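> coords please:
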Amino acid sequence: MTTTQAVVNGGARSHPIAQILHHCTQNKNLRGIKAIHAHLLITGLFSFTPTLQTKIIFAYATCLPQTSNLLVRTLTNSLKCLNPRNPLLFNSIISGFCEGGFHSLALHTFSFMHLNGVYIDSYALCSSLTSASCVRSLKFGQKAHAFTVKSGWFSSVYVGCAMIDLYAKLQCINDAAQLFDEIPVRNSVCANALISGYTEAKMWAEALALARKMPSLNLELDNFTFSAALRACAGLSAVELGMQVHGCAIRKIHDMETDVFLQSLLIELYGKCGLVEKAMQVFNMAGFPQRRVRNRDLVLWTSMLGALGKNGNYEQVIRLFREMVAEGIKPDGVAFLTVISACSHTGQVNLGMEYFESMARDYGLEHSPEHYSCLIDLLCRAGELNKAWKMVEEASSKGNSNFTVSMWGALLNACNDCGNVELGKFAAQRAIELDPNNDGIYVLLSNLYARNCMWNEIEQLREFIRGKGLKKDIGSSWIDIVN
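From the prediction side, this is the model:
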């Protein structure tokens, strides 16, 4: 149940008007809500019944689009009827809008409070800043930042955390870091918000540096801190440092075996760095000082499947997938993608086709472009190029260009592996027709030419790419070495 529903459902449910309003809201009966609103205004109940005031506001928000001018006008008129000397109602409305996903309405309510002299406290500020981060409104965040400094709320650790979180989520990392240094009171939540911003911006070294600095700032390392540190270690492929974080987490977190997210990050780190056995130990809970029996959820299974697949242990992927299904875990699209890819690399065409068909038949999952691309790779590796080509043609006839570009690219890549130049050129032509600026298709076509020593065609293709102004992203690799 969302906060919006909770506000509408809560309060004096025994009141007949509240019950009728609840029924209208559930059925999105806008006409009935307007009739109740008019009755409350005529009888004067609206001005003297704060509970019904909030119920009416949330009823309109539930039934009208957020971009509706009628909703904004109704909200503004309703807010004018509230007692400006009592900010508690405004705070509950902002909080309800924020938690219910009505973020633009939360910001509108905050602006109304500011313009009409309603007292603004840290509660309203924190909720509004959260909504601003969700709608990615940097302008609102900067104005709220100025207001906090002028009003004295800058000393509130909760407001400071919300400001740092806003700047971090909007990738204004320098502003977030400067604010972290300036706020007078800091806690672990502030540091974690900044660390999260660093990791999202792929500033992994900075994230690790702040995590190391937290004990000296008298800030406690928690599950979130260790999770962000592991993400940074994975980004840097720094397996030795990741092991140190792992050991520190075991010492600091007493219930680590219950934190599925942290364990999945460990599996991904070890899998990315080629330490499959270490990843399997985490998956099997080996090495935990107080091992408890618990059901491994889909996240852990999928992480372990991915770690095995990335390191070429395809037979183990298939066995682990069967074990997961046998334990009653419902696989998702990522798990199916991994196991179909494993079937492709092991030449098990029929099994891969069975898993592909099982997605929709047995689990109600939709096939994504990645699943089709993986299936095309499966067919091409088995020499079934014509069957793969027909599958792409059938998908193209459905008219989804974004869907079929990746499929033509997969067919082109498979033709490169099989050495089928003519079909590869045809696949490249069809993909370019759908997406002329897709530099990846040109790279695959160039690789096809190079593999077959077609140097003149490569030179012509390079001239064509330069003429279109396309540039290939420069690849890079990370390795972990001593010093």
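
> Just give me the neighbour total for residue 155.
Counted by other C-beta atoms under 10 Å, the residues lying close to residue 155 total 13. Quick note: C-beta positions are derived from backbone N, CA and C, even for glycine.

> going forward can the numbers begin at 35, since that is how I track them
Got it, first residue is 35 now, which makes that one residue 189.

> quick one: secondary structure of the residue lying closest to it once chain neighbours are set aside?
Closest residue in space to residue 189, ignoring its immediate chain neighbours: residue 218 at 5.3 Å, by C-beta to C-beta, 6 or more residues apart in numbering. For residue 218, the assignment made with DSSP: H, G, I helix; E, B strand; the rest coil gives coil.

> you'd agree residue 218 is up against residue 186?
No. Checked against C-beta atoms under 8 Å, the pair residue 218 and residue 186 is beyond contact range at 11.2 Å.

> List the residue ranges of the stretch 185-334 of the chain that fall below the pLDDT cut-off.
320-329 (pLDDT under 70).

> how about residue 275, what does it touch?
Contact analysis of residue 275 by C-beta atoms under 8 Å, 6 or more residues apart in numbering lists 242, 267.

> Apply 10 Å and report the result again.
242, 263, 264, 266, 267, 303, 514 (C-beta atoms under 10 Å, 6 or more residues apart in numbering).

> burial measure for residue 232, as a count.
For residue 232, the neighbour count with other C-beta under 10 Å is 25.

> which residue sits closest to it, ignoring its sequence neighbours?
Nearest non-adjacent residue to residue 232, counting by C-beta to C-beta, 6+ apart: residue 241, 3.7 Å away.

> For that neighbour, give its distance to residue 229.
Computed as C-beta to C-beta, to the nearest Å, the residue 241 to residue 229 distance reads 5 Å.

> Now do the shared contacts for the two.
259, 262, 263, 265, 266.

> Can I get the helix or strand hosting the third one as CSV, trimmed to CA atoms?
Just to be clear, that refers to residue 263. Following DSSP states H and E, one finds residue 263 within helix 257-270. C-alpha atoms of helix 257-270 as CSV (Å, rounded to 0.1, in the frame of the first residue of the first chain):
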residue,chain,number,x,y,z
ASN,A,257,26.5,-2.6,5.2
PHE,A,258,26.0,0.2,2.7
THR,A,259,29.5,1.4,3.1
PHE,A,260,30.9,-2.1,2.4
SER,A,261,28.6,-2.6,-0.5
ALA,A,262,29.8,0.7,-2.1
ALA,A,263,33.5,-0.2,-1.4
LEU,A,264,33.0,-3.6,-3.1
ARG,A,265,31.5,-1.9,-6.1
ALA,A,266,34.5,0.3,-6.3
CYS,A,267,36.9,-2.7,-6.0
ALA,A,268,35.0,-4.4,-8.8
GLY,A,269,35.3,-1.2,-10.9
LEU,A,270,39.0,-1.1,-10.4
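
> now the angle from the next helix or strand after that helix to helix 257-270?
Next in sequence after helix 257-270, counting helices and strands by DSSP H and E, comes helix 273-286. Comparing the axes of helix 273-286 and helix 257-270 via axes from the mean of the first three to the mean of the last three C-alpha atoms, to 10 degrees yields an angle of 170 degrees.

> Quick one: name whatever helix or strand follows helix 273-286.
helix 294-306.

> Can you name every helix or strand that that next one contacts?
On a contact count with 3 or more C-beta pairs under 10 Å, 6 or more residues apart in numbering; DSSP states H and E, helix 294-306 meets helix 257-270, helix 273-286, helix 310-317, helix 332-344.

> can you redo those helices as CSV with distance to residue 214?
Shown next, in CSV, are the helices and strands packed on helix 294-306 (distance: least, C-beta to C-beta, whole Å):
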stretch, distance to residue 214
helix 257-270, 14
helix 273-286, 21
helix 310-317, 32
helix 332-344, 30
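
> Tell me how far the residue nearest the centre of the chain lies from residue 204.
Compute the mean C-alpha point of the chain, and by C-alpha atoms, centre = their mean the closest residue is residue 234, 10.9 Å away. Distance, residue 234 to residue 204, by C-beta to C-beta: 10 Å.

> same thing with residue 92?
As judged by C-beta to C-beta, residue 92 and residue 204 stand 28 Å apart.

> Return the residues in contact with the closest residue to residue 418 other than its chain neighbours.
Of all residues not flanking residue 418 in the chain, residue 383 sits nearest, at 7.2 Å (C-beta to C-beta, 6+ apart). Counting by C-beta under 10 Å, 6+ apart, residue 383 touches 377, 409, 412, 413, 415, 416, 417, 418, 421.

> Likewise for residue 108?
Residue 108 sits next to 67, 68, 71, 90, 91, 93, 94, 95, 98, 102 when contact means C-beta under 10 Å, 6+ apart.

> now those as JSON lines including secondary structure?
As requested, those are arranged in JSON lines below (three-state DSSP):
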{"residue": "67", "secondary structure": "helix"}
{"residue": "68", "secondary structure": "helix"}
{"residue": "71", "secondary structure": "helix"}
{"residue": "90", "secondary structure": "helix"}
{"residue": "91", "secondary structure": "helix"}
{"residue": "93", "secondary structure": "helix"}
{"residue": "94", "secondary structure": "helix"}
{"residue": "95", "secondary structure": "helix"}
{"residue": "98", "secondary structure": "coil"}
{"residue": "102", "secondary structure": "coil"}
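
> Which of these sits closest to residue 175?
Nearest to residue 175 among those: residue 95, at 22.7 Å, using C-beta to C-beta.

> Would you check that the residue nearest to residue 232 makes contact with residue 260?
No. Using C-beta atoms under 10 Å, residue 241 is not in contact with residue 260; the gap is 11.7 Å.

> between the two, which one's more packed in?
Per other C-beta under 10 Å, whichever of residue 241 and residue 260 has more neighbours is residue 241, with 26 against 23.

> and the more buried one, what is it in contact with?
228-235, 259, 262-263, 265-267, 269-270.

> again with residue 150
Residue 150 is in contact with 113, 114, 116, 118, 124, counting by C-beta under 10 Å, 6+ apart.
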